[in-house]
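S.K.: Quick one: sequence plus predicted model below, questions after.
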Amino acid sequence: MEGGGGSVACAAWIRRPENLNLVIICRSGRRNSSPAVLEIFSFDPMTTSLSSSPLATYVLEEGDPMAVAVHPSGDELVCSTTTGDCKLFELYAQEGNIKLLAKKLNALEGVGPQKCLAFSVEGSRFATGGVDGHLRILQWPSMQIILDEPRAHNSFRDMDFSLDTEFLASTSTDGSARIWKINDGVPLTTLTRNSDEKIELCRFSKDGTKPFLFCTVQRGDKAVTAVWDISTWNKIGHKRLLKKPASVMSMSLDGKYLALGSKDGDVCVVEVKKMEICHWSKRLHLGTCIAALEFCPRERVVLTTSVEWGAVVTKLNVAADWKEWQIYMLLLGLFLASAVAFYIFFENSDSFWNFPLGRNQPAKPFTESILGDPQSSDDQNTWGAFGPLDM
């Protein structure tokens, strides 16, 4: 577990193609002391820690970071700022040297402060949700507008793409939640709720088998996690998991685990298949609202942030996953075991084929007992000495 001091506004994992996990940490500036910066750290899975110093740093000239989203390829990221701009950064990694290069994002300049940023799972769509309630869905990287809805919500709280990029779910600070049909660029439905309920956070299932939408719902002083069937958009049940108001929700990349962060610094991780808590980290950010929560793409580790405690990485106490090399070793072991078993069977096969012989009948070699005598095979018909059977 590694903490970073300072005012951390947001953070996210960067999944690199060279089997490397990085972390982008966005820090707000301090008056008359230091500007806002974006820092990239390396992650060591052996020690579950971030590097002591950043591999790359970029200083923001204006404004403080509000939200960050990393493209699934790990080559690009978008950061929204308090000045109302969304900035695009390209990440270059060559021979251990990492650089962040800023590029203009004309389609999202001057759009106002954006509370939510999200890429689709395969990276072909990008969505922004503004503090003013404005929703934008764009194609990536062409930036062609698919949906531009100024009055999507009163003000955005959360959003998430479905696994197949067919739907986008979004929630508002007023407790409402809407579903958007992405390719058609239109609103599809509004999730039903009681008058005393507020839908706050949302995440689609990501395991490819269960088409569900998970949402945190606040009922007065009670907090529950509700589940909607996305084929009908009907609520099919709910369960008290965190048992306190949640500030952030995250789904693992393979869809096996769902994580909830509380407003007083606790984190619980739920096994989706059983909907049971499998990991608790109490007082992880003691007395502070958890602002960001995200699963590591390749390890059972979560990244959390808060204003007071900075960025923290925590290893989960869950069942270990099979590594790729472990699967290959298992297959190799099974192959070798099969080869040994076949060899033993072959060496001892005479005990199976050695039928009782007559007094003056010589024993046949193993191959002849199966294939017969090649010299006499042509002298007999196919049916042997008894001729064909009369069926």
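M.R.: Good, I have the coordinates.
S.K.: So which residues of the stretch 251-391 of the chain form helices?
M.R.: 324-347, 350-353, 366-371 (DSSP state H, counting those that start in this stretch).
S.K.: what stretches of this structure score poorly on pLDDT?
M.R.: 1-6, 31-32, 320-328, 348-391 (pLDDT under 70).
S.K.: Report the buried residues of stretch 165-176.
M.R.: Neighbour-count burial for stretch 165-176 flags 165, 166, 167, 168, 169, 170, 171, 172, 173, 175, 176 (criterion: 16 or more other C-beta atoms under 10 Å). Any C-beta I mention is one placed from the backbone N, CA and C, and that applies to glycine too.
S.K.: need those residues in JSON lines with secondary structure, can you?
M.R.: Shown next, in JSON lines, are the buried residues of stretch 165-176 (DSSP: H, G, I helix; E, B strand; the rest coil):
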{"residue": "165", "secondary structure": "coil"}
{"residue": "166", "secondary structure": "coil"}
{"residue": "167", "secondary structure": "strand"}
{"residue": "168", "secondary structure": "strand"}
{"residue": "169", "secondary structure": "strand"}
{"residue": "170", "secondary structure": "strand"}
{"residue": "171", "secondary structure": "strand"}
{"residue": "172", "secondary structure": "strand"}
{"residue": "173", "secondary structure": "coil"}
{"residue": "175", "secondary structure": "coil"}
{"residue": "176", "secondary structure": "coil"}
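S.K.: Which member of these is positioned nearest residue 284?
M.R.: The nearest member of the buried residues of stretch 165-176 to residue 284, counting by C-beta to C-beta, is residue 171 at 23.9 Å.
S.K.: pretty sure that closest one contacts residue 215?
M.R.: Yes. The pair residue 171 and residue 215 qualifies as a contact (C-beta atoms under 8 Å) at a distance of 7.3 Å.
S.K.: Would you mind listing the residues touching both of those two?
M.R.: Common contact partners of residue 171 and residue 215 (C-beta atoms under 8 Å, 6 or more residues apart in numbering): 177, 199, 200, 201, 202.
S.K.: now the angle from the helix or strand where the fourth one lies to strand 167-172?
M.R.: Following DSSP states H and E, one finds residue 201 within strand 197-204. Angle between the axes of strand 197-204 and strand 167-172 is 150 degrees (criterion: axes from the mean of the first three to the mean of the last three C-alpha atoms, to 10 degrees).
S.K.: tell me the phi and psi of residue 82?
M.R.: Residue 82 has phi and psi values of phi -70, psi -10 when expressed as degrees, to the nearest 10.
S.K.: looking at the sheet around the nearest residue to residue 65 once chain neighbours are set aside, what are its partners?
M.R.: In this structure, residue 65 finds its nearest non-sequential neighbour in residue 26, 3.6 Å apart by C-beta to C-beta, 6 or more residues apart in numbering. Residue 26 has these beta-bridge partners by DSSP bridges: residue 10, residue 38.
S.K.: so who does the residue nearest the centre of the chain touch?
M.R.: Central residue of the chain (C-alpha atoms, centre = their mean): residue 253, 1.1 Å from the mean position. By C-beta under 8 Å, 6+ apart, the residues touching residue 253 are 206, 295, 297.
S.K.: Give me the distance between residue 282 and residue 63.
M.R.: Computed with C-beta to C-beta, to the nearest Å, the distance linking residue 282 and residue 63 is 35 Å.
S.K.: and what of residue 113?
M.R.: Taking C-beta to C-beta, one finds residue 113 at 9 Å from residue 63.
S.K.: Residues in contact with both of the two, list them for me.
M.R.: 81, 82, 84.
S.K.: top of the residues you listed by neighbour count?
M.R.: residue 81 (21 neighbours; other C-beta atoms under 10 Å).
S.K.: Correct me if wrong: that residue contacts residue 62.
M.R.: Yes. Proximity of residue 81 to residue 62 meets the contact threshold set by C-beta under 8 Å, at 7.2 Å.
S.K.: quick one: the strands in the stretch 101-250 of the chain?
M.R.: Along the stretch 101-250 of the chain, the segments classed as strands by DSSP state E, counting those that start in this stretch run 114-119, 125-130, 135-139, 145-149, 156-161, 167-172, 177-181, 186-190, 197-204, 212-219, 222-229, 234-239, 246-251.
S.K.: Relative to the fifth one, what are the paired strands and their orientations?
M.R.: I take that to be strand 156-161. strand 167-172 (antiparallel).
S.K.: The residue nearest to residue 283 when sequence neighbours are not counted: neighbour count?
M.R.: Using C-beta to C-beta, 6+ apart and skipping residues adjacent in sequence, the residue nearest residue 283 is residue 265, 5.6 Å away. Using other C-beta under 10 Å, the number of residues around residue 265 comes to 22.
S.K.: Same question for residue 317.
M.R.: When neighbours are counted by other C-beta under 10 Å, residue 317 comes out with 11.
S.K.: Alright, calling it a day.
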